[in-house]
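> Predicted model and sequence below, questions to follow.
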Amino acid sequence: MLSVAGAGLRSYTLGPALVGTGADATVVILVPGDDPKSGVQDSSRIRLHGEGGPDLRSRFGSRDAPPIQLFARLEQGYLPLGSAFCRGTSWGHDGFDHAELEFDQPLSREVLDAVRPVRAVGPVPAVDWVDHVEADPIRALESFALGWFPADQAGADGNGGAAGGREDLPEALAAFHRLARLRPALHGFHDPVLEQPEPAGGPLGDRLVFARWAQGYRDWSIPWPLREQDGSDPVVWETEDPQSADYRETTVEQEPLSRFLLKYTIFEAMIASPYHARTYRLPAASLDPLLSTLRPVPLSPFLPAYDASRFFVAPGLIAAVSSDGSDAGVSFAALHRGTLMALLDYGFRWFRFDG
């Protein structure tokens, strides 16, 4: 297979992959496996990860580089996977260490199963926490987070108070930060809940910012100091463009703080999940057979002015459905790749499918 690279062959290892470079091509020989960090990820994407040395920079970082040809090393021989182009790279201190490739022609299901066999689904968290959403959302949040996120022994210290030493936070926010001591992943969200909430002003009055979105393009806050009419579970304000002096629009979320934190955590758990699937827009009625097998989470839509996603769950699976009544789109997140495989039975057209 390396002879395809042509004259001047040089070889490298990138994790489990073997890379050969020559005058005619860059050859990548992959080892079958189910690893979200390296190898074939789905029918279109390949991920390479490892220390490859500076010589690979020109092969994966240049539009003028020779074509990339891929093979898989199977027990019965080598399987040609076709050609690919590089979507992006990263570089460590010693040179190339990571690349995202995309096949010129997607793999068939048969070939994909051969080069990326799906492992059996392991233990998955239950969804009985949904029973507590309406009556005890803090309990529901705790049950969901403890089941969905793995324990981190380094952070498993349930003692300690509220964030930043504050003793005056409402119970829902204090409970979130106590929970994050058991599951540090809660503070590692793509758009994190702030470990130290920050006082700020706004169109509706003084507030305490507890979460930010997209480097500050949007944030969420509660009235501060707490207002007597809000009781122990205050309203949540969403503020767009809070850093602008000319434009700051604040709206009131449909859920109080306790239920909003649960909704926010479910959404961020989807982003952080290792496996994803997303459909193209499809007739809303075509989702009915699938949704009948999932449990709806009794919360208002997330980001109602944008996607307005409603959440549905099954063991080890979260679905976010956005619909205008006639058509819909649905995104899925799973803890195990095998959990997604059952979705193939519904015949959806996939924009992305990690199963």
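Yep, it's here.
> for the protein, what spans make up the helices?
Per DSSP state H, the chain carries helices over the ranges 57-60, 109-115, 137-148, 171-182, 257-272, 288-291, 337-341.
> Please tabulate those helices in CSV, including the columns mean pLDDT and distance to residue 193.
For glycine as for every other residue, the C-beta is placed from the backbone atoms N, C-alpha and C. Output for these, formatted as CSV (pLDDT from 0 to 100; distance: least, CB to CB, whole Å):
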stretch, mean pLDDT, distance to residue 193
helix 57-60, 80, 37
helix 109-115, 92, 37
helix 137-148, 97, 11
helix 171-182, 95, 6
helix 257-272, 97, 7
helix 288-291, 94, 29
helix 337-341, 90, 26
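> distance of residue 184 from residue 192?
11 Å (CB to CB, to the nearest Å).
> Between the two, which contacts overlap?
Common contact partners of residue 184 and residue 192 (CB atoms under 8 Å, 6 or more residues apart in numbering): none.
> so what's the residue nearest the centre of the chain closest to, chain neighbours aside?
For the chain, residue 271 is the residue whose C-alpha lies nearest the centre (CA atoms, centre = their mean; 2.4 Å). Using CB to CB, 6 or more residues apart in numbering and skipping residues adjacent in sequence, the residue nearest residue 271 is residue 190, 4.9 Å away.
> Likewise for residue 81?
Once flanking residues are discounted, residue 81 sits nearest to residue 70: 4.1 Å by CB to CB, 6+ apart.
> Could you do residue 299 as well?
Once flanking residues are discounted, residue 299 sits nearest to residue 263: 4.8 Å by CB to CB, 6+ apart.
> same question, residue 290
Closest to residue 290 by CB to CB, 6+ apart is residue 346, at 5.4 Å.
> Quick one, grab the pLDDT at the one you found.
Here the pLDDT value assigned to residue 346 is 93.
> picking that back up, list the contacts of the residue nearest to residue 271.
268, 271-272 are the contacts of residue 190 under CB under 8 Å, 6+ apart.
> List the contacts of the top strand by length along the chain.
Longest strand in the chain by number of residues (criterion: DSSP state E): strand 77-92. Contact partners of strand 77-92, identified using CB under 8 Å, 6+ apart, comprise 1, 28-30, 40, 45-46, 51, 57, 60-61, 65, 67-72, 96-105, 107, 111, 114-115.
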